[in-house]
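K.L.:
The following comprises the amino acid sequence and a computationally predicted model.
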Amino acid sequence: MPQASPKVGFVSLGCPKALVDSERVLTQLRAEGYAVAPSYEDADLVVVNTCGFIDDAIRESLEAIGEALAENGRVIVTGCLGAKGDIVKKTHPRVLAVTGPHATEAVMRAVHEHLPQPHDPFTSLIPPQGIKLTPRHYAYLKIAEGCNHRCTFCIIPSLRGDLASRPIGELMQEAENLVTAGVKELLVISQDTSAYGVDVKYRTGFWRGRPLKTRMTDLARALGELGVWVRLHYVYPYPHVDEVVPLMAEGKLLPYLDVPFQHASRRILKLMKRPASAEDNLARIRNWREICSGITIRSTFIVGFPGESGAEFEELLAFLEEAELDRVGCFAYSPVEGAAANALPGHVPEELKQERRARFMKLQEKISARRLKRRVGKTLTVLVDEVNADGAIARSSADAPEIDGTVGISPSPRLKAGEFATVRVTRADAHDLWADVVSR
Ligand code: SF4
């Protein structure tokens with residue numbers, strides 16, 4: 001009789017990149033014959049993957065570790081918070097081990113030490129796509145780790161190091177395995193997707209026996225051959241980004257670009273040390289829309305950055321009005337411990353930051369409502385995420401999971417999660433659409 005597998009509990013916090021780290025560790029655990037426990041009490045040991053990006057995330061991570069210690073007692077910590085000095089050990093001296101982010105091997109070493117491997121790895125059969133934490137029909141494809149930029153409000157490079165691109169052949173194999181296993185949408189992520197391959201000088205790799213350069217455009221083109229939705233996140237407005245927009249117009253990639261502009265004032269962008277800060281972003285946007293008229297542009301912005309004057313904030317609002325972006329997130333600047341921007345003069349008072357954020361969001365809500373209204377009466381292809389008693393929740397090419405809006409669909413007996421459907425839009429508000437099914 002094979003002996004019962006040791007069970008590892010897993011708590012995964014943080015961004016999509018941390019989620020990919022969690023999936024790697026879970027895949028490895030299963031590959032080695034460990035079982036994944038559904039609760040603290042069923043687990044022989046718990047791994048907590050933490051986030052250390054902003055103060056709230058640090059608090060949440062420390063609380064999660066505290067809870068795992070109280071409920072289970074045997075805890076290994078990994079993720080970004082683990083790379084932030086000895087904060088974890090100081091707060092929770094009882095944790096068994098601490099590693100930084102993307103450290104599958106170090107986590108596995110700690111697991112081997114504190115919960116030795118089963119001798120009879122009957123359970124070592126894993127599905128070829130690994131263990132996914134996202135619904136089966138979409139998956140994140142992390143193409144690189146780290147970042148070569150040094151944006152002054154960000155500490156990710158000090159947590160995760162410089163850019164390290166994954167080999168293109170390996171990535172394409174992973175993407176193909178995911179598609180074979182039923183994934184219908186691939187979400188390409190990294191800290192700076194447009195920089196993919198810079199660190200390896202665009203080295204040539206191989207997929208299906210043919211050469212491919214380690215470059216965003218080549219990767220996007222190859223992913224476009226897999227016949228599923230491919231969505232690009234965290235792309236900077238460098239000139240070569242224009243090369244992927246025609247692929248969107250041809251239907252090879254989703255017509256969707258997630259470009260974190262962060263601000264519109266040249267001076268503030270320079271103070272932020274943003275990549276491609278000298279580009280004329282309005283001209284870029286106009287050009288992308290000329291090449292691919294249905295493109296959805298998503299972005300994020302920071303208001304109240306140190307030194308931001310009233311006039312610079314107005315410049316940002318004017319940009320927003322002119323650019324008419326589809327999806328926008330906005331943060332009031334918050335000084336992250338260790339970020340270079342903290343030393344800049346002219347910190348904006350908290351109340352003013354919040355006031356600017358509220359004004360910004362109000363304007364964007366108006367723009368977004370205006371843009372979504374234009375879709376009423378149109379026919380769209382959607383991917384169904386969930387079917388419930390009220391109908392279904394789906395997404396169109398304009399909606400990335402978790403961060404954008406949804407398409408609510410009236411009840412239809414034929415709908416299934418993970419399938420595509422054609423719908424006609426009946427109603428819109430500032431974020432979401434509602435629609436009736438035309439066909440599946
Ligand atoms: S591009 Fe800037 S904000 Fe993004 S990870 Fe790199 S340093 Fe941070």
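P.N.:
Happy to help now that I have it.

K.L.:
near the ligand, which residues of the stretch 251-400 of the chain?
P.N.:
Pro275 (Cβ under 6 Å from any ligand atom). Any C-beta I mention is one placed from the backbone N, CA and C, and that applies to glycine too.

K.L.:
so which residue of the stretch 251-400 of the chain comes closest to the ligand?
P.N.:
Pro275 (5.8 Å; Cβ to the nearest ligand atom).

K.L.:
give the contact list for that residue.
P.N.:
The contact partners of Pro275, by Cβ atoms under 8 Å, 6 or more residues apart in numbering, come to His149, Cys151, Asp192, Ala195, Tyr236, Tyr238.

K.L.:
repeat for Gln173
P.N.:
Applying Cβ under 8 Å, 6+ apart to Gln173 gives the contacts Trp207.

K.L.:
what kind of secondary structure is it in?
P.N.:
Here Gln173 is helix, with the state taken from DSSP: H, G, I helix; E, B strand; the rest coil.

K.L.:
From Val75, how far out is it?
P.N.:
Gln173 sits 34 Å away from Val75, taking Cβ to Cβ, to the nearest Å as the criterion.

K.L.:
now do Val235
P.N.:
Distance from Val235 to Val75, by Cβ to Cβ: 37 Å.

K.L.:
before we move on, back to that, and of the contacts of Pro275, the nearest to the ligand?
P.N.:
Checking the contacts of Pro275 against the ligand with Cβ to the nearest ligand atom, the nearest one is Cys151 at 3.1 Å.

K.L.:
wait, what's in contact with that closest one?
P.N.:
Taking Cβ under 8 Å, 6+ apart, we find Cys151 in contact with Gln262, Met272, Lys273, Arg274, Pro275.

K.L.:
Of Val235 and Val75, which one has the most company?
P.N.:
Just comparing Val235 and Val75: by other Cβ atoms under 10 Å the higher neighbour count belongs to Val75, 29 against 22.

K.L.:
Please report phi then psi for the more buried one.
P.N.:
phi -130, psi 130 (degrees, to the nearest 10).

K.L.:
gap between it and the ligand?
P.N.:
28 Å (Cβ to the nearest ligand atom, to the nearest Å).

K.L.:
I'd guessed that residue sits against Ala64; true?
P.N.:
No. In this structure, Val75 is not within contact of Ala64 by Cβ atoms under 8 Å, at 9.5 Å.

K.L.:
Overlap of the contact sets of the two?
P.N.:
Val48.

K.L.:
Quick one: the strands in the stretch 51-200 of the chain, in order.
P.N.:
75-79, 97-98, 138-142, 144-145, 164-165, 185-189 (DSSP state E, counting those that start in this stretch).

K.L.:
wait, which of those is closest to Met361?
P.N.:
strand 185-189 (24.6 Å; Cβ to Cβ).

K.L.:
Any chance you could list what contacts that closest one?
P.N.:
With contact meaning Cβ under 8 Å, 6+ apart, strand 185-189 is reached by 16-17, 20, 137-143, 175, 178-179, 219-220, 223, 226, 228-234, 383, 400-401.

K.L.:
In terms of helix, strand or coil, where does Phe319 fall?
P.N.:
Secondary structure state of Phe319, per three-state DSSP, is helix.

K.L.:
That one: neighbour count?
P.N.:
Using other Cβ under 10 Å, Phe319 has 18 neighbouring residues.

K.L.:
now the one 3 residues further on
P.N.:
For Glu322, the number of neighbouring residues by other Cβ under 10 Å comes to 13.

K.L.:
Tell me the helix or strand right after the longest helix seen in the chain.
P.N.:
Criterion DSSP state H: the longest helix present in the chain is helix 350-373. Going down the chain from helix 350-373, the next helix or strand is strand 379-388, by DSSP states H and E.

K.L.:
counting contacts, what elements does that next one pack onto?
P.N.:
In terms of contacts (3 or more Cβ pairs under 8 Å, 6 or more residues apart in numbering; DSSP states H and E), strand 379-388 is packed against strand 391-395, strand 407-409, strand 420-428, strand 433-439.

K.L.:
Please repeat the previous calculation with a cut-off of 7 Å.
P.N.:
strand 391-395, strand 420-428 (3 or more Cβ pairs under 7 Å, 6 or more residues apart in numbering; DSSP states H and E).

K.L.:
Can you add mean neighbour count and give those back as a markdown table?
P.N.:
Formatted as a markdown table, those follow (neighbours: other Cβ atoms under 10 Å):
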| stretch | mean neighbour count |
| --- | --- |
| strand 391-395 | 22 |
| strand 420-428 | 18 |
